[in-house]
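Asker: this one's sequence-less:
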Ligand code: NCD
């Protein structure tokens, strides 16, 4: 990840693939066989994902929102944790590319009979899967899957660790709204605040990599108990030329912000003693209309979902004119189409791991 910050200025022009045809039928400057996190992506990779998602959005605007690009390819979606938007948007994305899609809910599979992750992945491969989209409650599980799977693994969220497609759709949503033109990543020099339960958030961890790589002035804000360990990370980031501030001062964080992303309080991952009460959290850190008013006029309000309205975000803010939360969901399809497409064009022999 050392090279990214240096490349942030003067993002190179990338050749956008022609997404109506199969990815392997044209030269594409993408070398990653798996998408396990965004930490290995340099600015040119981010740019290519954004430009490819633009092409996918153009496909989605057609009367028949489908291309034959992944015809004959088999995509298996294996989720060990609950999900609505990530799972459904991967499925819609794969179908829009004409792939064959198999959905496995781990709760209804042989996993409940004690089958190991490695055996499950080998079985899925033996049944013909070429691309594996997986979500797992244990950090690192997709890395293990990538070691045994012969095709491409896309991480749909692992434990507290990473959620790369969410970070990329977040970047895409910011780029679409903040401008920056067809080239450029849109967030360079912009103040982006991630507010809430950072400690348990794989969304925050992936966004830290991609937003600082894209040149954003990133602020993490929340109660000290939910920011533990991030100051050390920010220090290392600053040493590598990234702009990254960690604070519990919500007024300082929100002042003149261009983007505010609220995160869910992850009660299912929370051990006791981290928060006095949800009511107190809402009073001190909840994203209310009064707090949004201290950011820049027209600042974007984001949330990866699912939301606990009245806790980390007020209902009127979530549904208000500055909210781009629905755009995030819609853009998730274009981004996941772009990623499936780019990864499908990489053969194991030419890939740069991961
Ligand atoms: C998030 C997740 O599952 O990591 N949601 C999502 O994928 N959009 C965040 C959360 O659960 O709070």
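Answerer: Done, it's in. Just so we're clear, the structure is a prediction, and the values are computed from it rather than from any experiment.

Asker: Next, the contact list for the residue in the stretch 251-354 of the chain positioned nearest to the ligand, please.
Answerer: Closest contact between the stretch 251-354 of the chain and the ligand, by CB to the nearest ligand atom, is at residue 264 (3.6 Å). No exception for glycine: its C-beta is placed from N, CA and C like everyone else's. Shown in contact with residue 264 (CB atoms under 8 Å, 6 or more residues apart in numbering): 196-197, 303-308, 311-312.

Asker: ok, now residue 337?
Answerer: Counted by CB under 8 Å, 6+ apart, residue 337 has contacts 19, 53, 56, 59-60, 93, 96-97.

Asker: Let's see that with 10 Å instead.
Answerer: Counting by CB atoms under 10 Å, 6 or more residues apart in numbering, residue 337 makes contact with 19, 52-53, 55-57, 59-60, 65, 67, 69-70, 89-90, 92-97.

Asker: which of the residues in the host helix or strand of it are buried?
Answerer: For residue 337, the element it lies in under DSSP states H and E is helix 325-344. Buried residues in helix 325-344, counted by 16 or more other CB atoms under 10 Å: 325, 327-329, 331-344.

Asker: repeat for stretch 91-102
Answerer: Going by neighbour count (16+ other CB under 10 Å), the buried part of stretch 91-102 is 91-97, 99-102.

Asker: thought residue 156 was touching residue 137?
Answerer: No. Here residue 156 does not reach residue 137: they are 11.8 Å apart, not a contact under CB atoms under 10 Å.

Asker: Report the set of residues contacting both of these two.
Answerer: 80-81.

Asker: Find the residue at the geometric middle of the protein.
Answerer: The residue lying closest to the centre of the chain (CA atoms, centre = their mean) is residue 166, at 1.9 Å.

Asker: From what I see, that one and residue 156 are in contact.
Answerer: Yes. The pair residue 166 and residue 156 qualifies as a contact (CB under 10 Å) at a distance of 8.8 Å.

Asker: Mutual contacts of these two, please.
Answerer: Common neighbours of residue 166 and residue 156, using CB under 10 Å, 6+ apart, are residue 86.

Asker: Let me see the ranges of the strands in the stretch 251-354 of the chain.
Answerer: Per DSSP state E, counting those that start in this stretch, the stretch 251-354 of the chain carries strands over the ranges 259-262, 300-302.

Asker: Take the ones you listed and write them to JSON lines, including distance to the ligand.
Answerer: Listed next are the strands of the stretch 251-354 of the chain as JSON lines, based on distance: least, CB to the nearest ligand atom, whole Å:
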{"stretch": "strand 259-262", "distance to the ligand": "10"}
{"stretch": "strand 300-302", "distance to the ligand": "11"}
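
Asker: Ranking those by mean neighbour count, which comes first?
Answerer: Across the strands of the stretch 251-354 of the chain, averaging neighbours per residue (mean count of other CB atoms under 10 Å) puts strand 259-262 on top, at a mean of 27.

Asker: one step back: for the buried residues of stretch 91-102, which two are the farthest from each other?
Answerer: Farthest apart among those by CB to CB are 96 and 102. That separation is 16.3 Å.
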